[in-house]
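Student: what follows is a protein structure lacking sequence information:
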């Protein structure tokens, strides 16, 4: 059995037939070729699969693609506009908020949600809100700096 879903991904409306048990992360990677959404743990612990779902950060490994029917999704590939990086992407670049880059797409999308929710959050708030996103390389100090700078830049837009 398959079902047809209709949703918007990175501003583009798509309609696709999927197996009801297909996870959203697998749909994005395999059916849409949006491989910036990473599969890390398959248990919703690492945050590598984070996307914006109707403007809220969610872990794409926790939803079936069918649950996204009618939703608007933004992946890391949908942030830059006209070859101009999103302010949060620029902040991660400027403050060295990445190392190997595996966690970076999920961190950036979570950071955008943090900025939208908290405006210009303090470091303690940033650290608390990033708890569901794991980085095995950086030690988080530069990620916290990047989120803070990105939130300030987003508030100016």
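Tutor: Good, I have the coordinates. All figures in this text were calculated on a predicted structure; none of them were measured in a lab. Numbering: from 1, shown residues only.
Student: just for this structure, where's the confidence low?
Tutor: Along the chain, segments meeting pLDDT under 70 span 157.
Student: now with 90?
Tutor: Applying pLDDT under 90 to the chain picks out residues 40-45, 99, 101, 136-139, 156-157.
Student: now do the strands in it.
Tutor: Under the criterion DSSP state E, strands of the chain are mapped to 3-9, 12-18, 50-53, 56-59, 72-74.
Student: out of these, which one sits most buried?
Tutor: Neighbour counts (mean count of other CB atoms under 10 Å) averaged over each of the strands of the chain peak at strand 50-53, with a mean of 26. C-beta coordinates here come from the backbone N, C-alpha and C atoms, glycine included.
Student: helices or strands up against it?
Tutor: strand 56-59, strand 72-74, helix 104-118 (3 or more CB pairs under 8 Å, 6 or more residues apart in numbering; DSSP states H and E).
Student: list the contacts of the residue in the chain sticking out farthest from the centre.
Tutor: Centroid-distance maximum for the chain: residue 1 at 29.8 Å, with CA atoms, centre = their mean. The contact partners of residue 1, taken as CB atoms under 8 Å, 6 or more residues apart in numbering, are 19, 20.
Student: run the last query once more with 10 Å
Tutor: Applying CB atoms under 10 Å, 6 or more residues apart in numbering, we find residue 1 in contact with 19, 20, 21.
Student: what's the answer for residue 32, then?
Tutor: 9, 10, 12, 14, 16, 65, 73, 75, 77.
Student: what of residue 16?
Tutor: Listed by CB under 10 Å, 6+ apart, the contact set of residue 16 reads 2, 3, 4, 5, 6, 7, 9, 22, 27, 31, 32, 65.
Student: distance-wise, check the fourth one relative to residue 78.
Tutor: What that stands for is residue 5. Separation of residue 5 from residue 78 (CB to CB, to the nearest Å): 18 Å.
Student: on that earlier part again, out of the strands of the chain, which comes closest to residue 111?
Tutor: strand 56-59 (8.7 Å; CB to CB).
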